[in-house]
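Participant: Fold the following for me, if possible:
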Amino acid sequence: MATLSRLTGHVRRVTAFVLSRFVPDADMAQLDAWLASLPTARRWAITGSVLGVLLILALIAAAFGPLGLAVYFVAIVLIFR
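Facilitator: You can find the predicted model right below:
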């Protein structure tokens, strides 16, 4: 069970990081604390939505082959650096 709680903490921090890049005047620590304060169902809905969007964008990029994946990778690196 400790592994699952550790994994959920990592996933929550990834979600906070992604959201911090698109929410003006908010840093990752604020968003992580906000996500931690939400009820579990709402937290999972937000986390699943953010990771789902990243997955869908990766699948769309994969439809364009190696060039599409390369563009997706470069875009992710530039946005989240």
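
Participant: Pretty sure Leu51 sits against His10.
Facilitator: No. The pair Leu51 and His10 fails to qualify as a contact (Cβ atoms under 8 Å) at a distance of 11.5 Å. All C-beta spots, glycine's among them, are computed from the backbone N, C-alpha and C.

Participant: ok, the residue nearest to the spatial centre of the chain - contacts?
Facilitator: Taking Cα atoms, centre = their mean, the centroid of the chain lies closest to Thr15, which sits 3.7 Å from it. Counting by Cβ atoms under 8 Å, 6 or more residues apart in numbering, Thr15 makes contact with 31, 35, 46-47, 50-51.

Participant: re the thing from before, of Leu51 and His10, who's got more company?
Facilitator: Leu51 (14 against 9; other Cβ atoms under 10 Å).

Participant: Quick check: which ranges of the protein have low pLDDT?
Facilitator: Scanning the chain for pLDDT under 70 picks out 1-2.

Participant: circling back: give me the subset of the contacts of Thr15 lying in helices.
Facilitator: Among the contacts of Thr15, the members found in helices (DSSP state H) are 31, 35, 46-47, 50-51.

Participant: and which of these is nearest Ala62?
Facilitator: Of all the ones in helices among the contacts of Thr15, Ala62 sits closest to Leu51, with 16.3 Å by Cβ to Cβ.
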